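Visitor: Structure, please.
(2 chains)
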Amino acid sequence: MIVMKGDPRFYLPLIFIFFLLLVYGSTDGGAQTSKPAEGTKGMVASAHPLASQVGLEILKKGGNAVDAAVATAFALGVVEPNASGLGGGGFILFYQAKTKKLEAIDYREVAPMKATPDMYKMSPDGKTILDKASTVGHRSCAVPGTLAGLEMALHRWGTMKLKDVLAPAIKIAEEGYTVSPTLHGMMKNYYDKLIQFPQTAKIFLKDGLPYEAGDRLALPDLARTYRLIAEKGSEVFYKGEIAEAIAKEMKAGGGIMTKEDLAAYRPTVREPVRGTYRGYEIFSMPSPSSGGTHVIQMLNILEGYDMGKLGHNTPASIHIMTETMKRVFADRAKYSGDADTVRIPTQGLLSKGYAAEVRKAISEDQVGAKVPPGNPYSFQSGGTTHSSYVDQDGNIVSLTQTINLFFASGVTIPGYGILMNDEMDDFVPIPGNPNSIGPRKRPISSMSPSIVLKGGKPFLSLGSPGSTRIITALPQILMNIVDYGMDLQQAINAPRIHCGGGAIELESRIPQPVQEALKAKGHQVTVRGAMDLYFGGAQAVMMDPQTGQLYGAADPRRDGFAIGY
Amino acid sequence: MKGKGMVIRLFTALIILLLSAYEMYAQQKKEVKFSAQEPALITSAGQSADTQMVKVLADRIKMNIQFDPLAGPEKIPGVKSVIIVIGGSTKGMGAAGIDMDKEASRIQKFLAKVKELKIPVIGMHIGGKGRRGDLSDPFINLVAPQASYLIVAKEGDVDGIFLKTAAKNNIPIVFVNKISETQEPLKSIYGK
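Guide: Okay, here's the model as predicted:
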């Protein structure tokens, strides 16, 4: 339709924008883009306003931070289905106020028993996997861990029943919700994947085309699955009718996951990795996440520079950060793997001594062209969503979970609405690497749910989606607070950079003269969008250790929303 | 503070409303009747999945089409009009085993043949701002000036690249707010 003045349809998108401005910007205690949300009793920051509202309601009903986190995670599977859900996995980090202890649950997906290091056919040059088999379709799916992990968290640390934390998500899935511009964009960008799988297209396309922003999307199959789980627990998913449906679909599509794989899945309790940055204590995820280790490694290296004096996003500070990132990613490529099956020099990578050695190789003037990994052994002794929570007792949760790439493998389990992960792509597809594929092995991850203490007291719950950009986003956000004195929302909103080894990728808000100065220094520079979701979608809650005041902030790069009371 | 924020939001919404209404009014005055015949060949400039979406729309209105995102000039003699869906995709070009240079070369040869045979070209850009930037703009610059008619999702023309090209080359252009709305100009063009 050619939409003209006078045609009521012309005004619909404008009315929608108007509605967004009003609703997203005015909820009591909530904040999305301008300044942190505030509260004193509880705070939730997640990737979607409706999911954050679910978490807040749970807190108000007397649930603790874990109850809120689990309920929100189930809701995110509905309102942000492109990023996480029952078909995926993740990590949850918990600070218990009463004992002052931190624990983590690893519910990362595991490779099926039939997985082998050479299961994917490579292109003749050995650089790419043929037919995208590790990212699209049934052979890309690893055994999902989300439900087992969330259930374990609830039993171990929570206070509510599974059926009670599932109820809000069921309601949203049944009644539907308004598709946001972000979700519409995802549906457009991943249209080729969606149309490849009729079961998935049936759910996420409207008459063959992406849902438009403002359309209503309901997920009745997923609602039914949630109801089944609420009634029967995770058994029905891992050993019952859902396991049978998953195994049947995998077999039909040429996948290798079996019912036995699902029955054998177990989440694992892990001890977080720990580091410090200018007196702040940082706790984050250990292997199989590489994220926590390398976030701390990066901060250890950067601690040796006066970042405040170098200035925020100046050519000098970006140069130092970039050279640090290059070295961290070189180490990550060489050493990261599943610590349950291979030896990882975690302690060396986390040590201040190793950081000092790495610093010696960084020139403040020269650009490191090809950066080799270091040798942390000599210091050795021995696609995604993030949400953060604090409850009135001071318990803290930092949760990151994923289905890997947006819309994952593209495979949906017929009748159950479960979009299956493509986590097999996080392995190295050739033998001989610590992160090579192996049966029941967990692929490495960049997910880094983190909790920061200041003077031994809770200070910050932080994390982000964004693949390897997670590892570079979190140090930048923390430095924005510690070195540049920004408030939490400013710290999240500030322009970000990333360097995985080649060009510096940066948001276009970094001024042109800075970009030119970096180029003049010899850096390759790739400019991305002004507020580009490529650089993640961080959600955080900050606690003032003196007053107990809570601040929540969410990332405007996606649909993040923080709300407190 | 809250009241002030609300006033700013209301003011912003009002400005958006007025500006958009004015621009659409200006567009209305420029509307030109344009028609083309079937069979139409739908191809891509940049290999984005937007081409698939246009096929869905064409199928919906029962157009007689040939669909070939990688069509070469040899395909043109068999059709009476051409729809080129503009939008660069790394994934799409990667899957097709081509890079931007090869895709641009194909499009150039394709457009040369179209010009030679005097076949009308409908240029469509429906991917919005997601199909703008270094990966897509070179294809816009290739196709848009040579189009006989342009159908553009408004979100993709915030900088006026299409509007300016259309004005400079005297090309009729229509803007739509949603992908599904591109069906209407197609119906109008093909008499459906």
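Visitor: Check which residues of stretch A:277-284 are buried.
Guide: A:277, A:280-284 (16 or more other Cβ atoms under 10 Å in any protein chain shown). Using the backbone N, CA and C atoms, a C-beta is placed for each residue, glycine as well.
Visitor: so where is chain B shaky, pLDDT-wise?
Guide: B:1-32 (pLDDT under 70).
Visitor: Domain-wise, how is it divided?
Guide: Per the record, chain B has its domains at B:1-30, B:34-190, by automatic domain parsing.
Visitor: Please work out which of those is packed deepest.
Guide: Mean neighbour count (mean count of other Cβ atoms under 10 Å in any protein chain shown) peaks for domain B:34-190 among the domains of chain B, with a mean of 19.
Visitor: How far away from the center of its chain is that domain?
Guide: 5 Å (Cα atoms, centre = their mean, to the nearest Å).
Visitor: Let's test this: mean pLDDT of stretch A:180-190, rounded?
Guide: For stretch A:180-190, mean pLDDT rounds to 92.
Visitor: Just the CA atoms of that stretch, as PDB, please.
Guide: Output in PDB follows, covering the C-alpha atoms of stretch A:180-190 (Å, rounded to 0.1, in the frame of the first residue of the first chain):
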ATOM      1  CA  SER A 180       9.800  -4.700  19.100                       C
ATOM      2  CA  PRO A 181      11.800  -3.100  16.400                       C
ATOM      3  CA  THR A 182      14.800  -5.100  17.500                       C
ATOM      4  CA  LEU A 183      12.900  -8.500  17.200                       C
ATOM      5  CA  HIS A 184      11.500  -7.400  13.800                       C
ATOM      6  CA  GLY A 185      15.100  -6.600  12.700                       C
ATOM      7  CA  MET A 186      16.200 -10.000  13.800                       C
ATOM      8  CA  MET A 187      13.500 -11.700  11.900                       C
ATOM      9  CA  LYS A 188      14.400  -9.700   8.800                       C
ATOM     10  CA  ASN A 189      18.200 -10.400   9.200                       C
ATOM     11  CA  TYR A 190      17.700 -14.100   9.800                       C
END
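Visitor: buried set for that stretch?
Guide: A:180-190.
Visitor: Quick one: residues in contact with it.
Guide: A:48, A:80, A:82, A:179, A:194, A:204-205, A:210-213, A:215, A:217, A:406-407, A:533, A:558-559, B:49-50, B:127-128, B:130, B:179 (Cβ atoms under 8 Å, 6 or more residues apart in numbering or on different chains).
Visitor: if you skip the residues just before and after it, what's nearest to A:Thr341?
Guide: A:Lys441 (5.3 Å; Cβ to Cβ, 6 or more residues apart in numbering or on different chains).
Visitor: Tell me who's in contact with the residue of the stretch 401-550 of chain A at minimum distance from chain B.
Guide: Using Cβ to the nearest Cβ, A:Gly529 is the residue of the stretch 401-550 of chain A that sits closest to chain B, at 7.9 Å. For A:Gly529, the contact set (Cβ under 8 Å, 6+ apart) comprises A:507-508, B:133.
Visitor: likewise A:Ala68?
Guide: A:42, A:44, A:55-56, A:58-59, A:389, A:391, A:397.
Visitor: In strands, which of the residues you listed appear?
Guide: A:44, A:389, A:397 (DSSP state E).
Visitor: Name the member of these that has the highest neighbour count.
Guide: Highest neighbour count within the ones in strands among the contacts of A:Ala68, by other Cβ atoms under 10 Å in any protein chain shown: A:Val44, with 36 neighbours.
Visitor: Quickly note the distance from the residue positioned nearest the centre of chain A to A:Val541.
Guide: In chain A, the centroid-proximal residue (Cα atoms, centre = their mean) is A:Pro465; its distance is 2.8 Å. Using Cβ to Cβ, to the nearest Å, we find A:Pro465 at a distance of 17 Å from A:Val541.
Visitor: same question, A:Ala247
Guide: In terms of Cβ to Cβ, A:Ala247 sits 39 Å off from A:Val541.
Visitor: Compare those two (neighbour count), which wins?
Guide: A direct count of neighbours by other Cβ under 10 Å for A:Ala247 and A:Val541 places A:Val541 higher, at 33 against 19.
Visitor: Mind listing the residues bridging to that one?
Guide: Per DSSP bridges, the residues bridged to A:Val541 are A:Ser461, A:Gly552.
Visitor: and it, what is it in contact with?
Guide: A:43-45, A:388-390, A:396, A:460-461, A:550-553, A:562.
Visitor: Below-threshold pLDDT in chain A: ranges please.
Guide: Using pLDDT under 70, chain A drops low at A:1-34, A:369, A:375, A:377-383.
Visitor: mind giving me the domain split of it?
Guide: Using automatic domain parsing, chain A is parsed into the domains A:8-87+A:99-269+A:385-426, A:272-382+A:447-564.
Visitor: Quick one: closest of those to B:Gln37.
Guide: Shortest distance between B:Gln37 and the domains of chain A, using Cβ to Cβ, is found for domain A:8-87+A:99-269+A:385-426: 25.0 Å.
Visitor: roughly how far apart are the most centrally placed residue in chain B and A:Val358?
Guide: Nearest residue to the geometric centre of chain B (Cα atoms, centre = their mean): B:Met124, 1.6 Å. Distance, B:Met124 to A:Val358, by Cβ to Cβ: 51 Å.
Visitor: From the buried residues of stretch A:180-190, which land in helices?
Guide: A:181-189 (DSSP state H).
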